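*Asks:* Could you look at this predicted model? Sequence included:
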2 protein chains.
Amino acid sequence: MSLRHALLGLLTVNPGTGYELTQRFDRSLSNAWHASHSQIYPELARLDEAGFAEVVSEGARGSRTWAVTDAGREELRRWLTESEPNRSVRNEGAVRLFLLTLLDPADRRPVLERERAHIEEEHRQLRALAAELDALPEPAAFRPVIDLALRLGPVMAEWMTEQLEDG
Amino acid sequence: MSLRHALLGLLTVNPGTGYELTQRFDRSLSNAWHASHSQIYPELARLDEAGFAEVVSEGARGSRTWAVTDAGREELRRWLTESEPNRSVRNEGAVRLFLLTLLDPADRRPVLERERAHIEEEHRQLRALAAELDALPEPAAFRPVIDLALRLGPVMAEWMTEQLEDG
DNA sequence: GCCATCATGTAATTAGTTACATGATTAG
DNA sequence: CTAATCATGTAACTAATTACATGATGGC
């Protein structure tokens, strides 16, 4: 389970409430993982129980700000460096790309076009995010990861364009 | 749930037993989805119930060969062309890449090296698969999807090399 | 005879989604 | 005053993993 370690990571960047973490999950990790608040709140309780995170302050509307503990930081380091990655992925878009080859060109074409449009839209948003990060006094540590995504997008878009031309 | 449609797709390519489908799942779709036999057998029963697949022959050792029905083919077409893709992705490797930026360079380096080696090994296997497909009398319909993967690999490997040089 | 592989299933557990439920605060 | 957003939780359900369980066949 990497939900646990994703949360430890987000808390390492910055402490936050469960509500904030839910949002940051979507903003920073949406291309890799998704979790809703109903999964995040119980996991924060379990991180507490394990001594990996703790409530550092309580604010308005019953909000509770969580921070990672030293043990939590060490657990994240251990997980990243010592444990074997689980290579299994779930990517419905990729499944669709594969299955698309089973359709008639007439059915395939609009789906490919929709996919290409989506890839291009995602790329535009990534470019905007990159510009935002570069305007900050000191760009975020994860800036290079955005760069990787920025390189992969055009490769996928070009492939789709070719498929549309050939098929 | 795309397990159902992945199975319909595999059965569209070729009829097969649950056992064979489990293997073909790993061979053809491992870069997009994973399912074990304990998930596949019940799902075949549900596809039967829904009229999307049926047993076409029974062989040795109680094996049962399944094939997709016309309704199943139509359901697959409908799903691919008419339904909105679920864009949420689960990719632990990508989560790790993101979280890696939180580690000291000394801790980060060996993880990046391991990742790069893995990407390169995967690329070698894909090249071998591509060569195999090209040697067939008529290459598989999904051949272009292999090509896409072959283009993405080097981009990732290069990025990792750069990270190792800079960091 | 024994081990690998073929072949199918179920049970128990964990992970994840969707729906239900509640209340505080803020901006218009 | 009211709608949006902040904020937290639980319950019911579905999906997925891991473990348990069994037996046939073929090659050595």
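*Replies:* Alright, I've got the coordinates.

*Asks:* what comes into contact with stretch A:159-167?
*Replies:* With CB atoms under 8 Å, 6 or more residues apart in numbering or on different chains as the test, stretch A:159-167 has contacts from A:105, A:108-109, A:112-113, A:115-116, A:119, B:144, B:147-148, B:151. Where C-beta positions appear, they are placed from N, C-alpha and C, glycine not excepted.

*Asks:* Among those, name the ones that also lie close to DNA strand D.
*Replies:* When contact is defined as CB under 7 Å from any atom of the strand, those do not meet DNA strand D at all.

*Asks:* closest to DNA strand D among the residues you listed?
*Replies:* Taking CB to the nearest atom of the strand as the measure, DNA strand D sits nearest to residue A:115 out of the contacts of stretch A:159-167, at 20.7 Å.

*Asks:* Hmm, the closest one is touching residue A:108, no?
*Replies:* No: judged on CB atoms under 8 Å, residue A:115 makes no contact with residue A:108 at a distance of 10.3 Å.

*Asks:* Just give me the neighbour total for residue A:47.
*Replies:* When neighbours are defined as other CB atoms under 10 Å in any protein chain shown, residue A:47 has 22 of them.

*Asks:* next structured bit after the helix or strand hosting it?
*Replies:* Element membership for residue A:47 (DSSP states H and E) is helix A:37-50. Next along the chain after helix A:37-50, taking DSSP H and E as the criterion, comes strand A:53-58.

*Asks:* which parts of the next helix or strand after that next one are buried?
*Replies:* Where DSSP H and E defines the elements, the next helix or strand beyond strand A:53-58 is strand A:64-68. Buried residues in strand A:64-68, counted by 16 or more other CB atoms under 10 Å in any protein chain shown: A:64-66, A:68.

*Asks:* show me what contacts the spatially most central residue of chain A?
*Replies:* Central residue of chain A (CA atoms, centre = their mean): residue A:29, 1.7 Å from the mean position. By CB under 8 Å, 6+ apart, the residues touching residue A:29 are A:6, A:10, B:95, B:98.

*Asks:* Helices - which of those land there?
*Replies:* When the contacts of residue A:29 are checked against helices (DSSP state H), the matches are A:6, A:10, B:95, B:98.

*Asks:* was I right about the second one contacting residue A:26?
*Replies:* No: contact between residue A:10 and residue A:26 fails when scored by CB under 8 Å: they sit 11.0 Å apart.

*Asks:* Looking at the two, which is more packed in?
*Replies:* Shown here are residue A:10 and residue A:26; by other CB under 10 Å, residue A:10 has more neighbours (25 against 14).

*Asks:* how close does the more buried one sit to residue B:102?
*Replies:* 10 Å (CB to CB, to the nearest Å).
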